[in-house]
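S.K.: This is a predicted model, with the sequence first.
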Amino acid sequence: MGQAPVVYGQSERPPRGDYSRAAGDYTCAQDYAAYTETDHDTYRRLHARQSALLPGRACAEFIAALPSLGAHDRIPRFEDINARLMPATGWQIVAVPGLIPELAFFELLAARRFPVTDWIRTPAEFDYIVEPDIFHDLFGHVPLLFNPVLADYVQRYGQGGIKAHGLGACELLARLYWYTIEFGLIREAGGLRAYGAGILSSGGELVHSVESPLPQRVPLTVERAMRSRYKIDSYQQTYFVIDSLQQLFDMTAGDFAPLYAQLRELPEFAADGGLASATPAAPAPRNRA
Ligand code: HBI
Ligand code: FE
């Protein structure tokens, strides 16, 4: 049975989920009977709040794909979503007890299996939760897995992650994940829109990221994203902007090994003996008020 993963960085607290029920690849069965009426109501309320905020703030591809999650008055059954997702892009979602080790995470993505935490936050955590829960993963990540370009990008990210793990460069690649899949912005004719799951699943950051004058918003380059450390417990100070999902796919097609070699000289890595020993940043609290 899978062991509880080491959760890095600030969140030294034990992981939330029950990892004793996970298989060796950290996947488990979605324990649908375990959901209470409060859980279903929390999902319904979160979905309603976020859906009301999407117009003018979420990218068109996300808005078009969101109905593919199906009914939102109760927590969806993963097999019901998979019945639509597999034919669309060959992806499936698999239940996990929570955050899992990086290599296991990358291997699932490379196999077009997206790990979705199967528990939901308590009502008291409605606006803020430390670890990604089912709402962050389902609402934030899964709709864009129905988009063929983003679906291919996420699989290639997983393949790149396996390679980065071998090179001790997970921290650098994690920054690219952070500033695209989690907190990426896209420029549309009507203005800036969010495509990052961490933004799309957050009540406060969805408005902040596209409307606040405070953050920097810069064109995405792989090098600049990999040079940019990120904050895991507050809104981003910098958002990276793409012009299209195709542009994101095309600009990340290259071999990152030379870039890893160049960036491993950064002060935060050189100081404590090199990139491999860098403590990977804690996978984010994805939802802030
Ligand atoms: N595990 N279940 C889960 N979900 C994530 O988003 C996740 C993870 N483990 C590691 C991780 N993300 C990040 O470190 C990635 O950058 C690899
Ligand atoms: Fe996420």
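M.R.: Sure, I can see it. Ligands and ions are numbered 1, 2, ... in the order given.
S.K.: Dihedrals phi and psi, Ile242?
M.R.: Main-chain dihedrals, Ile242, degrees, to the nearest 10: phi -110, psi 170.
S.K.: shouldn't it be in contact with Leu192?
M.R.: No: using CB atoms under 8 Å, Ile242 makes no contact with Leu192, being 10.7 Å away. Heads up, the C-betas are built off the backbone N, CA and C, glycines and all.
S.K.: who touches both of these two?
M.R.: Common contact partners of Ile242 and Leu192 (CB atoms under 8 Å, 6 or more residues apart in numbering): Leu185, Ile186.
S.K.: For the least confident helix or strand in the chain by mean pLDDT, buried residues please.
M.R.: Lowest by mean pLDDT, DSSP states H and E among the helices and strands of the chain is helix 267-270, with a mean of 77. Across helix 267-270, burial judged by 16 or more other CB atoms under 10 Å covers Phe269.
S.K.: show me where the stretch 51-200 of the chain has strands.
M.R.: For the stretch 51-200 of the chain, the strands defined by DSSP state E, counting those that start in this stretch occupy 92-96, 113-117, 185-188, 191-194.
S.K.: Now tabulate those strands in a markdown table and tack on distance to Asp73, mean pLDDT and mean neighbour count.
M.R.: Formatted as a markdown table, these follow (distance: least, CB to CB, whole Å; pLDDT from 0 to 100; neighbours: other CB atoms under 10 Å):
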| stretch | distance to Asp73 | mean pLDDT | mean neighbour count |
| --- | --- | --- | --- |
| strand 92-96 | 19 | 98 | 23 |
| strand 113-117 | 19 | 98 | 22 |
| strand 185-188 | 30 | 98 | 19 |
| strand 191-194 | 25 | 98 | 20 |
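S.K.: Determine which of the ones you listed approaches Phe62 most closely.
M.R.: Using CB to CB as the measure, strand 191-194 is the one of those that comes nearest Phe62, at 7.7 Å.
S.K.: Which neighbouring elements make contact with the closest one?
M.R.: Judged by 3 or more CB pairs under 8 Å, 6 or more residues apart in numbering; DSSP states H and E, the packing partners of strand 191-194 are strand 185-188, helix 203-211.
S.K.: how far does it sit from the chain's center?
M.R.: 18 Å (CA atoms, centre = their mean, to the nearest Å).
S.K.: Next, count neighbours for whatever residue of the stretch 1-150 of the chain ends up closest to ligand 2.
M.R.: Residue of the stretch 1-150 of the chain nearest ligand 2, by CB to the ion: Pro132 (5.0 Å). Counted with other CB atoms under 10 Å, the neighbours of Pro132 add up to 26.
S.K.: Report pLDDT for the residue lying closest to Pro143 once chain neighbours are set aside.
M.R.: Among residues not flanking Pro143 along the chain, Ala65 sits closest, at 3.9 Å (CB to CB, 6 or more residues apart in numbering). Per-residue pLDDT puts Ala65 at 98.
S.K.: distance of Ala65 from Arg21?
M.R.: 30 Å (CB to CB, to the nearest Å).
S.K.: These two - which one has more neighbours?
M.R.: More crowded of Ala65 and Arg21, by other CB under 10 Å: Ala65, with 19 against 15.
S.K.: Mind pulling up the pLDDT for the closest residue to ligand 2 within the stretch 151-289 of the chain?
M.R.: Nearest residue of the stretch 151-289 of the chain to ligand 2, counting by CB to the ion: Ala197, 4.7 Å away. We have a pLDDT of 98 for Ala197.
S.K.: how close does it sit to ligand 1?
M.R.: 9 Å (CB to the nearest ligand atom, to the nearest Å).
S.K.: gap between the closest residue to that residue other than its chain neighbours and Tyr230?
M.R.: Spatially, and ignoring its direct neighbours in sequence, Ala197 is nearest to Gly140 (3.0 Å; CB to CB, 6+ apart). Relative to Tyr230, Gly140 is positioned 16 Å away (CB to CB).
S.K.: Kindly report the same for Tyr153.
M.R.: 19 Å.
S.K.: Of the two, give the one with the bigger neighbour count.
M.R.: Tyr153 (20 against 17).
S.K.: ok so, going back, looking at the strands of the stretch 51-200 of the chain, which is nearest to Tyr179?
M.R.: With CB to CB as the criterion, Tyr179 lies closest to strand 185-188 of the strands of the stretch 51-200 of the chain, at 9.4 Å.
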